[in-house]
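J.: generate a structure from the sequence data that follows.
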Amino acid sequence: MIAVQAALRMRGTPYSWGGGGPAGPSFGIGRGAGTRGFDCSGLAEYAWARAGARVGGDTSAQWNAGIHVPRSQIRPGDLIFFASNPADPATIHHVGIAIDATRMVHAPFTGSMVRIDTWAGVPSREREFAGAVRPA
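T.: Residues are numbered from 1 along each chain as shown. Reported below is the predicted structural model:
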């Protein structure tokens, strides 16, 4: 899957709040202003742009950028969303790109790098799992 491969090639790129987009890493805004890298939605936008799809530059747009798929049908490249209140899409605060049904590549937080993490079975992630979207 092109989007997954593109995201995986960015492993080690610094997290930058507001950073990244279709063209790749960029300087962010606010606390990301001095760092060239990606935030979570910037990485997702970049990866899917490499695959020829426009998903938008923030989690709200990305939540609506394709079809919602059941957890049991998550495939590589699907966008995995996490929210303060999983029943309310307005509270989505993080997105990752599925590698498989249990792992994702993502830009987690300030001070970190783009990396692979397991999300399935991790209590904090399980509590916040809001759903998955397969970009069109």
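J.: C-alpha from now on. contacts and neighbour counts both.
T.: Will do.
J.: off-centre distance for stretch 35-42?
T.: 10 Å (C-alpha atoms, centre = their mean, to the nearest Å).
J.: hey, C-alpha coordinates of that stretch in PDB?
T.: Provided in PDB are the C-alpha atoms of stretch 35-42 (Å, rounded to 0.1, in the frame of the first residue of the first chain):
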ATOM      1  CA  THR A  35      10.600  22.200  14.200                       C
ATOM      2  CA  ARG A  36      10.500  20.800  10.600                       C
ATOM      3  CA  GLY A  37       8.400  17.700  10.700                       C
ATOM      4  CA  PHE A  38       4.800  16.300  10.900                       C
ATOM      5  CA  ASP A  39       1.900  16.300  13.300                       C
ATOM      6  CA  CYS A  40      -0.500  13.400  13.100                       C
ATOM      7  CA  SER A  41      -2.800  14.800  10.500                       C
ATOM      8  CA  GLY A  42       0.000  16.200   8.400                       C
END
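J.: buried residues in that stretch, which are they?
T.: Across stretch 35-42, burial judged by 16 or more other C-alpha atoms under 10 Å covers 35, 36, 37, 38, 39, 40, 41, 42.
J.: equivalent analysis for stretch 38-58, please.
T.: Buried residues in stretch 38-58, counting neighbours by 16+ other C-alpha under 10 Å, are found at 38-51, 53-58.
J.: which helix runs longest in the chain?
T.: Taking DSSP state H as the criterion, the chain has its longest helix at helix 40-50.
J.: what's the farthest-apart pair in the buried residues of stretch 35-42?
T.: 35 and 41 (15.8 Å; C-alpha to C-alpha).
J.: can you show me the helices along the protein?
T.: Under DSSP H, the chain gives helices at 2-9, 40-50, 59-63, 123-128.
J.: the second one - contacts with which helices or strands?
T.: Contacts of helix 40-50 with other secondary structure elements, assessed using 3 or more C-alpha pairs under 8 Å, 6 or more residues apart in numbering; DSSP states H and E, are made with helix 2-9, strand 92-98, strand 103-106.
J.: would TSV of the ones you listed with mean pLDDT be doable?
T.: Formatted as TSV, these follow (pLDDT from 0 to 100):
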stretch	mean pLDDT
helix 2-9	98
strand 92-98	98
strand 103-106	98
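J.: having no further points to raise, I will conclude here.
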